[in-house]
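Trainee: Below: sequence and its predicted model.
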Amino acid sequence: MSPRSARLARLSRSVTFSACHRLHSKSLSDEENLKLFGKCNNPNGHGHNYKAQILLSDSCCQVTNLRVLPLQIDPVSGMVMNLTDLKEYMQEAIMEPLDHKNLDKDVPYFSEVVSTTENVAVFIWDNLQRLLPRGILYKVEVHETEQNVVVYKGEETIVK
Ligand SMILES: Nc1nc2c(c(=O)[nH]1)N=C([C@H](O)[C@H](O)COP(=O)(O)OP(=O)(O)OP(=O)(O)O)CN2
Ligand SMILES: [Zn+2]
């Protein structure tokens with residue numbers, strides 16, 4: 001490595017949390033909810049062992065559609081970011097609000113928002129954005145089951 005260059009890397013960390021929920025939309029009738037969500041609309045709810053995986057990268061360049069760049073490994077600390085700090089951010093943004101919770105009843109966000117995995121990923125993204133240095137959160141991946149995975153990268157669009 002030349003003395004003037006710096007190595008770049010992406011950083012990832014995952015946590016697992018347990019939560020229960022029921023898929024039910026306040027915008028639909030009971031019949032419509034049952035038709036749309038089937039067994040997942042059961043009023044007794046059901047539980048999951050979720051896994052949330054976070055990827056940090058230099059996401060500032062996303063707005064200009066440039067390639068997403070890794071982050072610089074600080075030559076002094078040898079780290080992109082201290083994983084101990086990332087652990088604390090994920091504790092506050094994910095574990096404290098969601099672990100061992102009834103998503104629909106215990107988490108105010110989901111009183112008006114359907115607790116799908118898509119919306120859990122958005123909730124985690126928004127929480128982490130408030131804590132992490134600007135522009136380094138690149139991807140939130142939420143595994144609801146082994147088979148069902150949502151990837152959210154902060155994209156949004158305008159709906160009429
Ligand atoms: N787009 C989405 N669709 C569904 C979601 C979701 O979050 N986003 N969630 C559900 C239910 O919550 C449900 O828990 C899914 O359970 P299930 O179908 O049992 O899950 P698997 O596919 O992993 O189970 P199998 O073992 O394959 O039956 C439904 N839809
Ligand atoms: Zn579910």
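Mentor: Perfect, thanks for sending it. Ligands and ions are numbered 1, 2, ... in the order given.

Trainee: if I pick residue 93, what's in contact with it?
Mentor: The neighbours of residue 93, taking Cβ atoms under 8 Å, 6 or more residues apart in numbering as the test, are 124, 127, 128, 130, 131. Backbone N, C-alpha and C define where each C-beta goes, glycine included.

Trainee: Take the residues you listed and lay them out in CSV including distance to residue 93.
Mentor: Converted to CSV, those look like this (distance: Cβ to Cβ, whole Å):
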residue, distance to residue 93
124, 6
127, 4
128, 5
130, 8
131, 6
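
Trainee: Just the ones of those in strands?
Mentor: If you go by DSSP state E, the contacts of residue 93 have nothing in strands.

Trainee: So which of those wins on neighbours?
Mentor: Going through the contacts of residue 93 with other Cβ atoms under 10 Å as the criterion, the one with the most neighbours is residue 124, at 24 neighbours.

Trainee: out of the contacts of residue 93, who's nearest ligand 1?
Mentor: Ligand 1 lies nearest to residue 124 out of these, by Cβ to the nearest ligand atom, at 13.4 Å.

Trainee: Skipping its backbone neighbours, what lies nearest residue 59 in space?
Mentor: Nearest non-adjacent residue to residue 59, counting by Cβ to Cβ, 6 or more residues apart in numbering: residue 138, 4.5 Å away.

Trainee: Quick check on the one you found: phi, psi?
Mentor: Here the main-chain torsion angles of residue 138 (degrees, to the nearest 10) amount to phi -110, psi -40.

Trainee: residue contacts, it?
Mentor: Under the criterion of Cβ under 8 Å, 6+ apart, the contact partners of residue 138 comprise 10, 55, 56, 57, 58, 59, 68, 153.
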